[in-house]
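> using only what follows, build the 3D model:
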Amino acid sequence: MVRIHFIAIGGAAMHNLALAVASKAGYRVTGSDDEIFDPALSHLREAGLLPDEMGWHPERITKDIDAIILGMHAREDNPELVRARELGIKIYSFPEYLYEQTKDKIRIVVGGSHGKTTTTSMILYVLNRLGIEADYMVGAQIEGFERMVRLSDTAKYAVFEGDEYLTSPLDLRSKFLWYHPHVAILTGIAWDHINVFPTFPEYVETFRKFVDSFEPNGSFIYYKGDENLRAIAEGARKDITCIPYSEYTGDVAMQVFGKHNMQNLQAAMLACHCIGVAPDDFYREIASFTGASNRLEKIAETADCVAYKDFAHSPSKLKATVNAVRERYPEKRLVACMELHTFSSLMADFLPQYKGCMAEADVAYVYFNPKVIEHKRLAPITAEEVREAFGTTNVEVFTESEALQAKLRSLEYKNTALLMMSSGTFDGIDVKDFANKLLGA
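Numbering: from 1, shown residues only. Predicted structure coming up:
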């Protein structure tokens, strides 16, 4: 019996990895965290993996544990981590363990500042429809897939969403540098994670390192409209095959929409083609793909109104999502609402990156909670600073969730497209239920 202990088991990716490992024969999984919320809470409880009590318990770290998997949420002085290091137990980061479990497989990795989850989901959706088995890690729930992580002894391929954020408290490199892909996609580079990459050149550099980390004779699929990706491709190792792409312009009717999704779709096709999937087969199967959870996901609809939710929070994601809904519904009034929630989005130095991002909306609401800024130990920002940073007269800024909700309730919803965008919850809003009530769906 192989015993694996997860420190910070409650994370979205971490708990899915724990579920995947626990489902393998011969493995016993335990874990700890100081707080766990749904859906991780319910998933872990159903699998019998929910810790008996919250908090860190170094006395439970014993020599019979074969390996620790360390989540980014834990700190370097975490009591359980300190104890594990004292005992000499092997400690893996999340991406390191994924690589260890798939190092003999053909790995496809999707990176970039935006579109990673959707593009990865498209690849997995088509492979699944074609009966091609693959291990995977993706940042959203996909139709036809039970979990967000799968590890097996039988799959020939592994498909990973490649994140440029830090690996762990002990490893301050980008996660995707662990994966060493045979085939990789980069969708675009738009400055993000300013707390980790304080300058844009430093941010670009981690993507260059990613391409340099490819397995010999790897394939690099990149969006040719991005000048930084073109420069990386020009400087890539000679053994790497560089494959530029733009957007899909064919005549197959798709369930997803927006120029960014047509770019994602084309990138996914090229990645599948690299492992032998014919383009015609890809386009046939992708036609029924409705999207990944929380990525331009339709959540309410009436005769003349529609509502979507999206994970968009960074400037490039936000602009692409707003523009996509505007293009899809040119005759509807577009009410776009977003939450500043991440480290970068709440930093005064980064706010100017949002200039013009919501210009295509008829009504634009931006929300942030000053208490979250305080919790993240960031310098305060004001509503006026945020409004000026977005730079268009349609933007109104809120710092109280109740005030935002009241404003949204006060609107008349006729011939309207409502778009709710956040990597959080607008401080406790059930967005789907709220949107259905607003629209009277």
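> let me see the ranges of the helices in this structure.
12-22, 40-46, 79-87, 94-102, 116-129, 200-212, 227-234, 259-274, 279-286, 315-328, 370-375, 383-390, 401-410, 431-439 (DSSP state H).
> go through those and name the closest to residue 302.
The minimum distance between residue 302 and the helices of the chain falls on helix 431-439, with 5.2 Å, by Cβ to Cβ. Any C-beta I mention is one placed from the backbone N, CA and C, and that applies to glycine too.
> show residues contacting the closest one.
Applying Cβ atoms under 8 Å, 6 or more residues apart in numbering, the external contacts of helix 431-439 come out as 299-302, 305-307, 309, 405, 408-409, 411, 413, 416, 418, 420, 422, 425, 441.
> for that helix, what is the distance to the chain centroid?
24 Å (Cα atoms, centre = their mean, to the nearest Å).
> what mean pLDDT does it have?
For helix 431-439, mean pLDDT rounds to 95.
> just the CA atoms of it, as CSV, please.
The C-alpha trace of helix 431-439 is given here as CSV (Å, rounded to 0.1, in the frame of the first residue of the first chain):
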residue,chain,number,x,y,z
VAL,A,431,-24.6,33.6,-9.7
LYS,A,432,-26.7,31.1,-11.6
ASP,A,433,-29.7,31.5,-9.2
PHE,A,434,-29.3,35.3,-9.1
ALA,A,435,-29.2,35.6,-12.9
ASN,A,436,-32.3,33.4,-13.3
LYS,A,437,-34.2,35.6,-10.8
LEU,A,438,-33.1,38.8,-12.5
LEU,A,439,-34.2,37.6,-15.9
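> going by neighbour count, which residues in that helix are buried?
For helix 431-439, a neighbour-count test (16 or more other Cβ atoms under 10 Å) marks 431, 432, 434, 435, 436, 438, 439 as buried.
> give the buried subset of the contacts of helix 431-439 as a PyMOL selection command.
If you want just the buried ones from the contacts of helix 431-439 in PyMOL, going by 16+ other Cβ under 10 Å, the selection is:
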select buried, resi 299+300+305+306+307+309+405+408+413+416+418+420+422+441
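> just the ones in strands from the contacts of helix 431-439, please.
Counted as lying in strands by DSSP state E, out of the contacts of helix 431-439, are 299, 300, 301, 306, 307, 309, 416, 418, 420.
> for the third one, give its distance to residue 140.
Going back to what we said before, that points to residue 301. As judged by Cβ to Cβ, to the nearest Å, residue 301 and residue 140 stand 21 Å apart.
> might one say that residue 252 is in contact with residue 287?
Yes - counting by Cβ atoms under 8 Å, residue 287 is a contact partner of residue 252 at 5.3 Å.
> nearest residue to residue 389 in space, please, no chain neighbours.
residue 351 (3.7 Å; Cβ to Cβ, 6 or more residues apart in numbering).
> show me the contacts for the one you found.
For residue 351, the contact set (Cβ under 8 Å, 6+ apart) comprises 345, 381, 385, 386, 389.
> what's the local residue count around the first one?
A count of neighbours around residue 345, defined by other Cβ atoms under 10 Å, yields 24.
> now do the phi/psi pair for the nearest residue to it once chain neighbours are set aside.
Nearest non-adjacent residue to residue 345, counting by Cβ to Cβ, 6+ apart: residue 313, 5.8 Å away. Per-residue torsions, residue 313: phi -150, psi -30 (degrees, to the nearest 10).
> now for residue 313: which residues touch it?
Residue 313 is in contact with 338, 339, 340, 341, 342, 345, 421, 422, 423, counting by Cβ under 8 Å, 6+ apart.
> how much space between it and residue 222?
For residue 313 relative to residue 222 (Cβ to Cβ), the value is 23 Å.
> how about residue 248?
Using Cβ to Cβ, residue 248 is found at 16 Å from residue 222.
> settle it for me: which of those two has more neighbours?
residue 222 (28 against 19).
> quickly list what the more buried one is bridged to.
Under the criterion DSSP bridges, residue 222 forms beta bridges with residue 186, residue 244.
> what about it, distance to residue 113?
13 Å.
> with residue 131 instead?
Distance, residue 131 to residue 113, using Cβ to Cβ: 33 Å.
> gap between the nearest residue to residue 71 once chain neighbours are set aside and residue 338?
Closest residue in space to residue 71, ignoring its immediate chain neighbours: residue 8 at 3.0 Å, by Cβ to Cβ, 6+ apart. From residue 8 over to residue 338 the distance is 28 Å, taken as Cβ to Cβ.
> more neighbours, those two?
Neighbours per residue (other Cβ under 10 Å) separate residue 8 from residue 338, with residue 338 holding more: 30 against 27.
> if I pick that one, what's in contact with it?
Contacts of residue 338 by Cβ under 8 Å, 6+ apart are 312, 313, 318, 358, 364, 365, 366, 367, 420, 421, 422.
> likewise for residue 232?
Counted by Cβ under 8 Å, 6+ apart, residue 232 has contacts 186, 204, 207, 208, 211, 222.
> ditto for residue 334
322, 325, 326, 360, 361, 362, 363, 416, 417, 419.
> ok, now with 6 Å
With contact set as Cβ atoms under 6 Å, 6 or more residues apart in numbering, residue 334 has these partners: 326, 361, 362, 417.
> can you tell me the closest non-neighbouring residue to residue 270?
In space, residue 270 is closest to residue 221, 4.8 Å off (Cβ to Cβ, 6+ apart).
> ok, how many other residues are close to residue 278?
12.
> read off the pLDDT value for it.
Turning to residue 278, the model gives it a pLDDT of 98.
> so how far is residue 284 from it?
9 Å.
> residue 397 now?
46 Å.
> comparing those two, which residue is more hemmed in?
Neighbours were counted for residue 397 and for residue 284 using other Cβ under 10 Å; residue 397 has more, 21 against 14.
> need the per-residue pLDDT for the more buried one.
So, for residue 397, pLDDT stands at 97.
> could you do residue 264 as well?
On the pLDDT scale, residue 264 is placed at 96.
> right, and it touches residue 119 too?
Yes - using Cβ atoms under 6 Å, residue 264 makes contact with residue 119 at a distance of 4.3 Å.
> between the two, which is the more surrounded one?
Each of residue 264 and residue 119 has its neighbours counted (other Cβ under 10 Å); residue 264 has more, 32 against 28.
> what sits against the more buried one?
The contact partners of residue 264, taken as Cβ under 6 Å, 6+ apart, are 115, 118, 119.
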